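Enquirer: got a predicted model here, sequence first, then my questions.
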Amino acid sequence: MNNKFIIVIFGGLGDLAQNKLYPVIYSLYKKYRLLNCTKIISTGRRPNVDKEEFLKILEKSIKTHDDSFFSLFDFVKFDLEKEEEYNHLKNVLSNFKEEEFIFYLATPPTTFETIIKNLGEFLKSFPNKRKIVIEKPFGYDLYSAQKLNQLIKIYFKEEEVYRIDHFLGKETVQNIFGLRFSNIIFEGIWNRNFIDHIQISALEDIGVEGRLGYYDKVGALRDMIQNHLIQILSIVAMEPPCCINEKEIRDEKIKVLKSIREIKREDVPLYAVRGQYEGYLIDENLSQSNTETYAAVKLFIENLRWDGVPFYLRTGKKLKRKETSIIIVFKKIPGLFSKILDCMPQEDIIGFKIAPENKIILSFQLRPLGGSMLSCPVSTSMEWTGPNIEAYETLFMDIIEGDQSLFIREDEIEKSWEIVQPILDFWKDDPNIPIYPQGSWGPKEAEELIRRDGREWRYIDG
Ligand code: BG6
């Protein structure tokens, strides 16, 4: 982008700003990607923080002292819950006549409506171009997401709205696109004729990490599946877009979401299970909570490419280890042919490891070294590993450049809430939540969910 811009960060003293945004902004600055950025305005309301104090926080966040970088910053102290205090910000912004405004809402979701309304109102008197970046969670359920979208529409055009899902900025997730659409060998087998099922997992060894106020109201299904994992599913399953632009890519993704089989409320136990890790109440000092720290869901996409292929999505906290992955499990070779080999070989697999490291593996069957020609084949794998670029850095650049391809459109957000809503409704009325041991792979009910179908959960590294 050649035009000048400024960045305004709401929640400038919060965890997200300190842990992710400032380091990413600094990295872009060091790469000369912020040459057109005239100012970065951070806002916060903490009583004892002024500009000097703020710069100390910034220094801690980027882990270095850099006066020229610091000079890019302003700190505006204001309470975003108070309408009258928006004037402080309005006055500061009125100094920037030509710049585009990039507003970044790095604040708790409870503040989104107030910020959007107040910001939208005072911006009416500004001619400047603008973009608004909204962090997850976007809504608490289908109704609140629709309501938030309606409010945004009053003040902003859809092409000004960047709903962030940081998983889409991850290298491996974008590599799904690369692998699928630039290789004829994969595209030919990417369908129900060859693929048995797909597993998308975001397993974590950490717990709630001081975010109880948010997490206990939300739980694993809302926190990870409604957004991150359903987004990944839509990229894995989409048709090739006619051309690479944000509209066409998102049009193809929404088609996938619209084709997902609706889960009837009474059928929820057949499609979804949840769990809470043993000790959650003690760790978080709660007397009672039905919040799930684990969720697994089975979804079907009813279209020509995917009919009958289950997509298993799962996520959980305090599990054995961190593994974020997509595993494409191919069909077994027909029994008739396995007779030639006198055994039933393992299924072939394409695995995308998203975290902790960025790698893609292709696992296939070969005769064991030195074995006879008819020996039972063993799994052999080829692996590609690559460095990881911080997802927020990729996304931040896209915001600056005005590329919305990796951001969630209004209709995608609402459709993904619609997919999980029956599960949320069913769980709300069901007091029984399975408990799983810390350090395990989740509740036994999740094992049963997949075992019932004659399958098992897979892991990329054994
Ligand atoms: C966030 C969730 O969106 O993603 C967290 O709110 C989760 O609960 C995190 O820990 C996982 O992301 P990453 O990039 O660390 O795998």
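Expert: All right, it came through fine.
Enquirer: pLDDT at residue 2, what is it?
Expert: The confidence metric pLDDT takes the value 60 at residue 2.
Enquirer: swap in residue 103?
Expert: Looking at residue 103, its pLDDT reads 98.
Enquirer: could you point out which element follows the strand or helix carrying it?
Expert: Per DSSP states H and E: residue 103 is located in strand 100-105. Downstream of strand 100-105, the next assigned helix or strand under DSSP H and E is helix 112-123.
Enquirer: and that following helix, what does it pack onto?
Expert: When contacts are defined as 3 or more Cβ pairs under 8 Å, 6 or more residues apart in numbering; DSSP states H and E, helix 112-123 packs onto helix 86-93, strand 100-105, strand 130-134, helix 142-155. C-beta here means a position set from N, CA and C on the backbone, and glycine is covered the same way.
Enquirer: and the residue of the stretch 1-150 of the chain that's closest to the ligand?
Expert: The ligand sits closest to residue 136 of the stretch 1-150 of the chain, with a gap of 6.0 Å, by Cβ to the nearest ligand atom.
Enquirer: ok, and the closest non-adjacent residue to that residue?
Expert: residue 227 (5.3 Å; Cβ to Cβ, 6 or more residues apart in numbering).
Enquirer: center of the chain, which residue is that?
Expert: Nearest to the mean C-alpha position of the chain, by Cα atoms, centre = their mean, lies residue 228 at 3.0 Å.
Enquirer: got the contact list for the closest residue in space to that one that isn't next to it in sequence?
Expert: Distances taken as Cβ to Cβ, 6+ apart put residue 167 closest to residue 228, at 4.1 Å, once the chain neighbours are dropped. Contacts for residue 167 (Cβ atoms under 8 Å, 6 or more residues apart in numbering) come out as 173, 227-228, 231-232, 354, 391.
Enquirer: equivalent analysis for residue 200, please.
Expert: The contact partners of residue 200, by Cβ under 8 Å, 6+ apart, come to 229, 232-233, 236, 311-314, 325-327.
Enquirer: quick revisit: now for the contacts of residue 167, which pair is the farthest apart?
Expert: Farthest pair in these (Cβ to Cβ) is 227 and 354. Separation: 14.5 Å.
Enquirer: gap between the helix or strand harbouring residue 56 and the chain center?
Expert: Element membership for residue 56 (DSSP H and E) is helix 51-62. For helix 51-62, the separation from the chain centroid amounts to 28 Å (computed by Cα atoms, centre = their mean, to the nearest Å).
Enquirer: please apply the same query to stretch 331-345.
Expert: Taking Cα atoms, centre = their mean, one finds stretch 331-345 lying 39 Å from the centre of the chain it belongs to.
Enquirer: buried residues in that stretch?
Expert: By 16 or more other Cβ atoms under 10 Å, the buried positions in stretch 331-345 come out as 333, 341, 345.
Enquirer: quick check: end-to-end length of that stretch?
Expert: The straight-line separation of the ends of stretch 331-345 (Cα to Cα, to the nearest Å) is 11 Å.
Enquirer: can you check stretch 80-100 too?
Expert: End to end - Cα to Cα - stretch 80-100 spans 21 Å.
Enquirer: what sits up against it?
Expert: 1, 3-6, 8, 10, 38-39, 41, 43, 45, 74, 76-79, 101, 107, 111, 114-115, 118-119, 122, 126, 128-131.
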